[in-house]
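What shape does this take:
(one chain, ligands or ions: 1)
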Amino acid sequence: MSLNKANIVLGVTGGIAAYKAPEIVRRLIDKGASVRVVMTASACDFVKPLVFQAVSGHPVGVDLLDEAAEAAMGHIELARWADAVLVAPATANTLARMTAGAADDLLTTICLATRAPCWVAPAMNSVMWEHPATATNITTLQSRGVRVLGPGIGSQACGETGAGRLLEPDDIVSSLEQQFAAAGEERVLMDAKDACVVNAEPMLLADSHVLITAGPTREALDPVRFLTNHSSGKMGFALAEAAVDAGASVTLIAGPVRLETPGGVTRIDVVSALDMHKAVLRHAPNNDIFISVAAVADYRVAKQQAHKIKKSEGEMTLQMVRNPDILAEVAALEARPFCVGFAAETKDLDIYARGKLTKKNLDMIVGNLVGQATGGFNTDDNAVEVYWPNDGYASFASRSKRLLANDLITLLSQRYRAHQDPVN
Ligand code: C5P
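Residues are numbered from 1 along each chain as shown. Next up, the predicted model:
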């Protein structure tokens, strides 16, 4: 399924980014699509319907109860006509109304009345985007099969910097084009297997090779005992799955965890930090991106005992030696991949995470506070702060690790591309 000859309903909602929406119409028409624009009442305060009528070549729907418009193509007809509904920009308010199943204007009514797949391209102030209410709405919409394009990260009309910018019209249309093709295949599969629609991420990492480490390591004391940590491996496995969805070839080097290997991932199981070190250094040169999520033990015992250590009276002292810093070593390679680290801290997250970014010479670091309610080790949800050189920063409020993985892969692919091609 391509956008050529596809019928697209473009929903435009009332944010400042609405000024970019006529460009989206033009790009869709360039791809051969037929576009009908539906605006919310507040969108009309930003851009006149006449602009959309001129670029789309069709009357614009605004009012659910407009007799003339209903006579031309009524809301149910539009909902049936659509091969896809794209809401761009999608404000926090429209996302909330869509989540609630509201049908209080033409756009939300079409979203409810259509069987066509639906995409939203959120655009809002970064604090609104990070608000748990918006995060929960996005999670709910995604669980119903709505696909989310962006938002982008950068400076915003309101003066904030962070996540919440509408993606560029070109990026919206190319992601829609790729996902629309994939959605067509999913629908065929669904018809055949009566299955649910699975979320597909844009092919942001097509043709790239990604190496990921996940989980804890185990440092043996003797044949029956070891030192380890609480890492579950869930974040690294979620990232591996999201990277595959984004089109990457993924190698996952996993410490001891009880998790299923995500489809399409090549998994290598290791136990100790030294095993992980060996496996990573063998694979790193063949990868474009290295994401070091594993909670690697910093120390191992100086001398592992061949037989079970016997208890004796009094205290026992273990002598420990430093393990290699795998990530720092990979980042120091001459032909190094794009390096992403994780920093799990219990306090002063930004100081420690930025410190590691510089000290280990990384391209990006994802920091999270552990040992508290916001998630981290062994939890299903996570909230993170991301840092990159030259004071780059993005914050992601608490959401499921799988959704967070999508967001991190989107950000990572933007940073990776900027790194590859610093001029553009
Ligand atoms: O210095 P710290 O251990 O806090 O840094 C965390 C980051 O470094 C994580 O990305 C982790 O995977 C990586 N790391 C490593 N080798 C170690 C320790 C940590 O690759 N020995």
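
count of neighbours near Val366?
By the other CB atoms under 10 Å criterion, the neighbourhood of Val366 contains 26 residues. (Each C-beta comes from the backbone N, C-alpha and C, glycine too.)

Oops, could you answer that again for Glu315 instead?
Other residues within reach of Glu315, judged by other CB under 10 Å, total 5.

Tell me how far it lies from Val301.
Look at Glu315 and Val301: by CB to CB, to the nearest Å, they are 16 Å apart.

got it, and Val244?
Shown here: Val244 relative to Val301, a distance of 37 Å by CB to CB.

Which of the two has more residues huddled nearby?
Using other CB under 10 Å as the criterion, Val244 and Val301 rank with Val244 on top: 20 against 17.

Doesn't that one lie inside a helix?
Yes - applying DSSP: H, G, I helix; E, B strand; the rest coil, one finds Val244 inside a helix.

Can you point out the buried residues in the helix or strand harbouring His277?
Here His277 is covered by helix 273-283, with elements defined by DSSP states H and E. Judged by neighbour count (16 or more other CB atoms under 10 Å), helix 273-283 contains these buried residues: 273-277, 279-280, 283.

Out of these, which are close to the ligand?
Taking CB under 6 Å from any ligand atom, the overlap between the buried residues of helix 273-283 and the neighbourhood of the ligand is Ala273.

Which of the buried residues of helix 273-283 sits closest to the ligand?
Comparing those against the ligand with CB to the nearest ligand atom places Ala273 closest, at 5.6 Å.

thought the closest one was touching Asp325?
No - taking contact to mean CB atoms under 8 Å, the distance of 9.6 Å between Ala273 and Asp325 leaves them out of contact.

Tell me who's in contact with Gly367.
Under the criterion of CB atoms under 8 Å, 6 or more residues apart in numbering, the contact list for Gly367 reads 342-345, 349-350, 352-353, 384-387.

On the strand side of things, show who the closest residue in space to Ala394 that isn't next to it in sequence bridges to.
Sequence neighbours aside, Val386 is the residue nearest to Ala394 in space, at 4.6 Å (criterion: CB to CB, 6 or more residues apart in numbering). Here Val386 sits in beta bridges with Val366, Ala394, as judged by DSSP bridges.

Can I get the helix or strand Val330 falls within as CSV, trimmed to CA atoms?
Val330 belongs to helix 326-331 when elements are defined using DSSP H and E. Once side chains and other backbone atoms are set aside, the C-alpha atoms of helix 326-331 remain, and they are given as CSV (Å, rounded to 0.1, in the frame of the first residue of the first chain):
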residue,chain,number,x,y,z
ILE,A,326,33.3,-1.8,28.4
LEU,A,327,31.5,1.4,27.2
ALA,A,328,34.6,3.6,27.7
GLU,A,329,36.7,1.1,25.8
VAL,A,330,34.3,1.0,22.9
ALA,A,331,34.1,4.8,22.9
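
That helix and the ligand, are they touching?
Yes - taking CB under 6 Å from any ligand atom as the criterion, helix 326-331 and the ligand are in contact, through 326-327.
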